[in-house]
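Engineer: below are the sequence and a predicted model; questions follow.
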Amino acid sequence: MLKSKTFLKKTRAGGVMKIVREHYLRDDIGCGAPGCAACDGAHEGPVLEPQPLDPASSLCPQPHYLLPDTNVLLHQIDVLEDPAIRNVIVLQTVLQEVRNRSAPVYKRIRDVTNNQEKHFYTFTNEHHRETYVEQEQGENANDRNDRAIRVAAKWYNEHLKKMSAENHLQVIFITNDKKNKEKAIEEGIPAFTCEEYVKSLTANPELVDRLACLSEEGNEIESGRIIFSEHLPLSKLQQGIKSGTYLQGTFRASRENYLEATVWVHGDPEEDKEIILQGLKNLNRAVHEDIVAIELLPKNQWVAPSSVVLHDEGQNEDDVEKEEERERILKTAINEKMLKPTGRVVGIIKRNWRPYCGMLSKSDIKESRRHLFTPADRRIPRIRIETRQASALEGRRIIVAIDGWPRNSRYPNGHFVKNLGDVGDKETETEVLLLEHDVPHQPFSQAVLSFLPKMPWSITEKDMKNREDLRHLCVCSVDPPGCTDIDDALHCRELESGNVEVGVHIADVSHFIRPGNALDQESARRGTTVYLCEKRIDMVPELLSSNLCSLRCNVDRLAFSCIWEMNHNAEILKVRFTKSAINSKASLTYAEAQMRIDSAAMNDDITTSLRGLNKLAKILKERRIEKGALTLSSPEVRFHMDSETHDPIDLQTKELRETNSMVEEFMLLANISVAKKIHEEFSEHALLRKHPAPPPSNYEILVKAAKSKNLEIKTDTAKSLADSLDRADSRTFPYVNTLLRILATRCMMQAVYFCSGMDNDFHHYGLASPIYTHFTSPIRRYADIIVHRLLAVAIGADCTYPELTDKHKLADLCKNLNFRHKMAQYAQRASVAFHTQLFFKSKGIVSEEAYILFVRKNAIVVLIPKYGLEGTVFFEEKDKPKPRLIYDDEIPSLKIEDTVFHIFDKVKVKIMLDSSNLQHQKIRMSLVEPQIPGISISADNPNMDIDEPERKKKKREK
């Protein structure tokens, strides 16, 4: 049956256009209930159970299906995802509304409907002849949709009665809309609110905790005191932003101070638009990463960034007077120069809430169901939740979601989502750090895996089209020990002309991952492989990363090759790019390759090739450094794990060999050669990588630190910085050069991916190269896959596709890749920090030599070379007399009583694990030498109670 609407529309040119909209209605859409004779198996995909044996409900004891409305789906998705909830009918009307209003919830509901065990059925009510409703005159779209949902619920109940008289199957309508529920009951439809239904499931009391609390009235604090000013409606905010009264930006909470935040104003990137917000009322219920509208305060109310560290430790939720007292501490004595533009939040444009990991701070009131949740991320405020299982959740890592933040509440309201496991447990903590850094780590879905090649796999004639056979070449790979995702291999051979041919062969991942399919989309979403201390979160499925794309020895593999002809002075005479097939003759570790190069007894083809590569790499490196490339340092740590418990038993800094540098030089050369090629071919949409030069102010600390040791560092160009770092040596203090290079690393900007058509500064500061990209690691970086596709089109080895030549799409992709790379880096650091804690937990208390990296107003930041470990020694402690501290920002130095500390001074510190805060266990350092009465502790007597919670816990367990 066909329904059509006809209406007339005036065109811009003044003409009239007739528009006819056709809407097809059908009789053959199944209800989803198996065994329904009327539908005769017309359902596709997952269906409902014939006899739903769902948890017994005291409200509706007979078998039933659930039919939720849009708001239940949007706000109570955590309840619907619970294994206890099955047999749900999702209407097309509801699904379309959810899709328009929340992409994340829509994705979650699609995942649930695809899960066969959940028995969620999507019913196309908008195309069913008996459930389609037209919008009536004077009826708004929302009311029409509510009516359509009620019509479908009523139809279902009547339809199921026909199925069998003795089978009392019912459809229960779930809605939190008071009016909609009343109308449904009037029409004879069994209807309950989500809360009523969930509370009626007597066998699953834990489900109540997962309910989102939406009615703010029910959660008002007894005092009812208004703390925050009202948020303005979106329409007023948009008008204000347009007129310039308000500014729009991203709210960034401070880790160090919960009463302070900054807002990065959206707009002109040239202007330094960072607005500071201070005080609870000015933050006005904004949460980290929200998009907010702010109003600038008059200049006489501007403040300076606070140097005070303040963490929200308060148990009493409504002690606002105390907050006001703390806010006064923030306003430190400052000069005019330090004042920054200051503002206050007037409204929220977009909430960017996510589920948060953390721990429950159990209420002191016995039998209380209201507790505070403390997130692991210090930038997120505490969240008030209601739960009956507080005792079971104490000492566990849990996930909580925010539901809302009323004006009269010091903290936002939320609900419990999931219990992750015991705090300190390795699996649990790894899960927490992956979730907190937004690292996608779920197993690859069937849809993604379906695009993998079928095994057993081998190179076919079709694969060899547009491909050179280089299997005869003596190719080998050099990687860290235990590496299974081998991206790159090398070869070097003498040519008859007397020149040298050098080849870099990179795994041809883009041959297996085709544009736009589910595998490609998932790889693009992940963006990068994340390496944790004991775990690798792959960007592509293991079949590709550790097998078909990994250039292992003695197997045929597809590659993308960059081949140069060079003279013996490493000058490039020719370069060519080709898709190829290779067969690696050896997979070596850096140590094995170094041994071959150094061993006079070995003269086989592989060793000769390695020696040739090493000789050329030294020349390339020397030339690069001459141009001003920086050789910086960062203390990288390697853990030695116990083979059975997988706990760290030793910790040492990584050793770098000549062969590390050899591989690096040729990877850099390949990346630069490819960057030039793709930019020549695609000047507007090449994916490149740049490293901006740091602003001069970044270098102040480095220059001052060198000056304090009578050394001079010049920072006007990368070349002068590199040269002055090379010259900065001290016979009495040889480690000073490494410390300066570590400090120089901290001054650098972040390198980023960008699209060539959207930027005109291509320069890579650290490598001193005018152009650069990433080509050499497509197994673990998605950027390299795009670069492979661009290069393949440039040499005619593959065809293009629309997104590849769309600079706006490419710019969006770069934004995601930059975010994923940054998060992967933070996750890796968090993993190292956690394993360092495990190491010192088993090691106990140790004393080591350290060097000062930074001096602060009340602390020194030190580096312990033996462990590559950094930490802070505080000189002001709670409940202890405060020492006399004099801080000089110019030198910089810190005088404690009569002892002066400068950057790079050598000290001795005691290292231990501080478990006094279970959520934020940390490595604690205290000064041993030099001796300062009342500050230093002796090497034998730590005099520290660091295991307080552990003892309490044991008591309880008894």
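Structural biologist: Nice, thanks for sending it over.

Engineer: which one is V663 nearest to, not counting chain neighbours?
Structural biologist: When the adjacent residues along the chain are set aside, V663 lies closest to V478, with 5.2 Å between them (C-beta to C-beta, 6 or more residues apart in numbering). All C-beta atoms are positioned from the backbone trio N, CA, C, and that covers glycine.

Engineer: restrict the helix or strand containing that neighbour to CA atoms and write it as CSV.
Structural biologist: For V478, the host element (DSSP states H and E) is strand 476-479. Presented in CSV, the C-alpha positions along strand 476-479 are these (Å, rounded to 0.1, in the frame of the first residue of the first chain):
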residue,chain,number,x,y,z
CYS,A,476,66.5,-9.0,6.9
SER,A,477,64.7,-7.3,9.8
VAL,A,478,66.1,-5.9,13.0
ASP,A,479,63.8,-5.4,15.9
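
Engineer: which strands and helices sit next to it?
Structural biologist: Counting contacts by 3 or more C-beta pairs under 8 Å, 6 or more residues apart in numbering; DSSP states H and E, strand 476-479 is packed against strand 488-494, strand 586-589, helix 590-598, helix 605-627, helix 658-681.

Engineer: out of the ones you listed, which is closest to N567?
Structural biologist: N567 lies closest to helix 605-627 among these, at 9.8 Å (C-beta to C-beta).

Engineer: what mean pLDDT does that closest one have?
Structural biologist: When pLDDT is averaged along helix 605-627, the result is 92.

Engineer: chain center to it: distance?
Structural biologist: 37 Å (C-alpha atoms, centre = their mean, to the nearest Å).

Engineer: ok, back up a step: let's have the helices and strands packed on strand 476-479 in TSV, adding mean neighbour count and distance to K199.
Structural biologist: Conversion of those to TSV gives the following (neighbours: other C-beta atoms under 10 Å; distance: least, C-beta to C-beta, whole Å):
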stretch	mean neighbour count	distance to K199
strand 488-494	22	59
strand 586-589	19	61
helix 590-598	18	62
helix 605-627	18	69
helix 658-681	20	60
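
Engineer: between those, which gets nearest to I185?
Structural biologist: helix 658-681 (65.1 Å).

Engineer: right, and the helix or strand after that closest one?
Structural biologist: Scanning onward from helix 658-681 (DSSP H and E), the first element met is strand 687-690.

Engineer: elements contacting that next one?
Structural biologist: Counting by 3+ C-beta pairs under 8 Å, 6+ apart, strand 687-690 packs on helix 658-681, strand 752-755, helix 782-794, helix 807-843.

Engineer: ok, of the ones you listed, where does mean pLDDT dip lowest?
Structural biologist: helix 807-843 - the lowest mean pLDDT of these, at a mean of 88.

Engineer: give the next helix or strand downstream of that one.
Structural biologist: strand 846-855.

Engineer: could you check the angle that next one makes with helix 807-843?
Structural biologist: 140 degrees (axes from the mean of the first three to the mean of the last three C-alpha atoms, to 10 degrees).

Engineer: now strand 846-855: buried residues?
Structural biologist: In terms of neighbour count (16 or more other C-beta atoms under 10 Å), strand 846-855 has its buried residues at S847, E848, A850, Y851, I852, L853, F854, V855.

Engineer: returning to what we had before: a markdown table for the helices and strands packed on strand 687-690, including distance to L532?
Structural biologist: Converted to a markdown table, these look like this (distance: least, C-beta to C-beta, whole Å):
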| stretch | distance to L532 |
| --- | --- |
| helix 658-681 | 21 |
| strand 752-755 | 23 |
| helix 782-794 | 19 |
| helix 807-843 | 4 |
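
Engineer: closest to S391 out of those?
Structural biologist: helix 807-843 (26.0 Å).

Engineer: what is the orientation angle of the closest one with helix 782-794?
Structural biologist: 140 degrees.

Engineer: show me which positions of helix 807-843 end up buried.
Structural biologist: 810-811, 813-814, 817-818, 820-821, 823-824, 827-828, 830-841.

Engineer: stretch 564-578 now?
Structural biologist: W564, M566, A570, V575, F577, T578.

Engineer: the last one contacts D469, correct?
Structural biologist: No. Taking C-beta atoms under 8 Å as the contact criterion, T578 and D469 are not neighbours in contact, 10.4 Å apart.

Engineer: touching, A751 and L767? I think so.
Structural biologist: No. A751 is beyond contact range of L767, at 9.1 Å (criterion: C-beta under 8 Å).

Engineer: name the residue in those two with the higher neighbour count.
Structural biologist: A count of neighbours by other C-beta atoms under 10 Å puts L767 above the other of A751 and L767, at 20 against 17.

Engineer: could you report the pLDDT at V637?
Structural biologist: Value listed for V637 in the pLDDT field: 60.

Engineer: apologies, that question was intended for N583.
Structural biologist: For N583, the predicted pLDDT is 94.

Engineer: check which helix or strand covers it.
Structural biologist: strand 572-583.

Engineer: hang on, E182 in a helix?
Structural biologist: Yes. The assignment for E182 (DSSP: H, G, I helix; E, B strand; the rest coil) places it in a helix.

Engineer: what about it, distance to L91?
Structural biologist: 20 Å (C-beta to C-beta, to the nearest Å).

Engineer: so between these two, which is more surrounded?
Structural biologist: Using other C-beta under 10 Å as the criterion, E182 and L91 rank with L91 on top: 27 against 12.

Engineer: any idea how far that one lies from P443?
Structural biologist: For L91, the distance to P443 - C-beta to C-beta - is 30 Å.

Engineer: repeat for D177
Structural biologist: Counting by C-beta to C-beta - D177 and P443 are separated by 38 Å.

Engineer: again with N614
Structural biologist: Distance from N614 to P443, by C-beta to C-beta: 41 Å.
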